[in-house]
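Asks: whatever this is, show me its structure:
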Amino acid sequence: MLILIYMFFMKIIKFIIIFFIIDLLLSQSILLNILEKKTEKAHKEDIINRVHNPIYKYTFKPNTNYVSKYLNYFYEINTNDLGFRDKTNKNIKKDKVYSIIIGDSFAEGVGLSWDKTLVGQINTISNKNWNFLNAGVSSYSSYIYLKKIENILLLNPDLRIDRVFVLLDKSDIIDDLLYINHKGDFLNSKGAYKNFRKENLRLDLINFNFWRFYTSQLISGIIIKKITDFLEFKIGNLHKRYKLSKKLNKSFFNVSKSEIQSLKSINTRKYIMETLTNEEWWDTEGTRSIIFSIENLKKLKALLNKKDIKLTIILYPWAFELEDGSFSKKYFNLILPLLKNNNFEILNVYEKFYNFKENIYETIGETFLFEDVHYNSAGYQILANSVLEYLRERR
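Replies: Okay, here's the model as predicted:
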């Protein structure tokens, strides 16, 4: 009897081993290459089309078209002859007057097609009363804003610009610390294309990380992980629904999908959120970075004044600020006096988001990308309408 049981288990083990070997061979040679083809193509295209610039570190390749990837979103990028993201590939008409919007990933409009981005919506809504250019690229900050606008104006003296809008982001506070002591040109630090899955395969085996190896390198493991992630997501949603029902004093069953989704946006990018809300860091590095940002903006303003170009600073919220205003209060207490004392024009759109819906969780759920800090089409529409209203008041 024991021999029969032993033989039975040996057959099962043999079957499992053969199954995993076949799964591994098929996954690595064919199946994962097919599944990841679109992602790998987008990654390669990003390496090719997000190019080094010695003056302002990096930008888009001029007059290019490709598909980029952000999180699970694939989105098309077209650029004009200035290397700015645009509706189509084209050369800028020098007989028109433009306003420039510059910022980081919020200005670029990561994850979204052109018509849903801030500049795409402004140009549509304004119906050619104003013409906007998008100089924003992911991970820019105030030091890069200064260097890029300065260089673009220098190389394009016939470009007619009437105003520059700077989207001053919360992540700029951390990113600008990299440039406080920077001098001279930027070296090309962009790495070559790497297949991260194949890199991780080697690392997982070296580090004996068999669970990650199984759930990322074998189709059966990927399927199991998707099932467990789905179950975890559903269970997590039930917990969030319960948490919000208590917080909003409403029935568990009356909590909306938007309200549940809001918590995903509120709690994303925790590293940045926890850094910014750390009192010791804020009082030292945070304050030092904002003072540096103001100095960069002052230099930009002086440059633009010489060319009779106006400058406006746009302040806009992240989801965690909308839920809990303690950080934004601290942020405003520091940055607003510095901006006002230096006579900057300010467009503060926080109230527009607070007034979008009576329930702030509904607002966040409906204006932010799912599980992300960036706005969706509705969020950028709030910004676009705010910018155009601002301009109409100054006609």
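Asks: which parts of stretch 79-89 are buried?
Replies: If you call a residue buried by 16 or more other CB atoms under 10 Å, then stretch 79-89 has these buried ones: 79-80, 82-87. Just so you know, the C-beta spots here come from the backbone N, C-alpha and C atoms, and that holds for glycine as well.
Asks: as CSV, those with secondary structure and distance to Asp324 would be great.
Replies: Conversion of the buried residues of stretch 79-89 to CSV gives the following (DSSP: H, G, I helix; E, B strand; the rest coil; distance: CB to CB, whole Å):
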residue, secondary structure, distance to Asp324
Thr79, strand, 38
Asn80, coil, 40
Leu82, coil, 39
Gly83, coil, 38
Phe84, coil, 35
Arg85, strand, 33
Asp86, strand, 37
Lys87, coil, 37
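Asks: contacts for stretch 141-159, please.
Replies: For stretch 141-159, the surrounding residues in contact (CB atoms under 8 Å, 6 or more residues apart in numbering) are 53, 55-57, 59, 82, 92, 94, 98, 100, 102-104, 135, 140, 161, 164, 166, 168-169, 171-172, 175-176, 178-179, 182, 292-293, 296-297, 299-300, 303-304, 307.
Asks: let's see it at 6 Å
Replies: Residues from elsewhere that reach stretch 141-159 (CB atoms under 6 Å, 6 or more residues apart in numbering): 55-56, 94, 102, 166, 172, 175-176, 179, 293, 296, 299-300, 303.
Asks: now rank the residues you listed by neighbours and give me the top one.
Replies: Scoring the contacts of stretch 141-159 on neighbours with other CB atoms under 10 Å, the highest-scoring entry is Val166 at 30 neighbours.
Asks: surely Thr88 and Thr79 touch.
Replies: No - using CB atoms under 6 Å, Thr88 makes no contact with Thr79, being 9.4 Å away.
Asks: that older thread, format the contacts of stretch 141-159 as a markdown table; extra columns: distance to Thr268.
Replies: What follows is the contacts of stretch 141-159, written out as a markdown table (distance: CB to CB, whole Å):
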| residue | distance to Thr268 |
| --- | --- |
| Ile55 | 32 |
| Tyr56 | 28 |
| Lys94 | 41 |
| Ile102 | 24 |
| Val166 | 24 |
| Asp172 | 18 |
| Asp175 | 17 |
| Asp176 | 21 |
| Tyr179 | 25 |
| Ser293 | 23 |
| Asn296 | 27 |
| Lys299 | 33 |
| Leu300 | 30 |
| Leu303 | 35 |
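Asks: least confident of those?
Replies: The pLDDT minimum for the contacts of stretch 141-159 sits at Lys94, where the score is 86.
Asks: can you tell me the SS state at the residue nearest to that one when sequence neighbours are not counted?
Replies: What sits nearest to Lys94 in space, not counting adjacent residues and going by CB to CB, 6 or more residues apart in numbering, is Asp158, at 5.1 Å. Assigned with DSSP: H, G, I helix; E, B strand; the rest coil, Asp158 falls in the coil class.
Asks: the buried residues of stretch 79-89: which two are farthest apart?
Replies: Between all members of the buried residues of stretch 79-89, the longest pairwise span (CB to CB) is found for Gly83 and Lys87 and amounts to 14.8 Å.
Asks: and the helices in the stretch 51-200 of the chain?
Replies: Listed in chain order, the helices of the stretch 51-200 of the chain (DSSP state H, counting those that start in this stretch) span 105-108, 118-125, 142-155, 172-175, 196-206.
Asks: nearest to Lys11, of those helices?
Replies: With CB to CB, the closest approach to Lys11 among the helices of the stretch 51-200 of the chain belongs to helix 196-206: 27.3 Å.
Asks: how about the closest one: buried residues?
Replies: Taking 16+ other CB under 10 Å as the neighbour-count basis, helix 196-206 is seen to contain the buried residues 201, 204.
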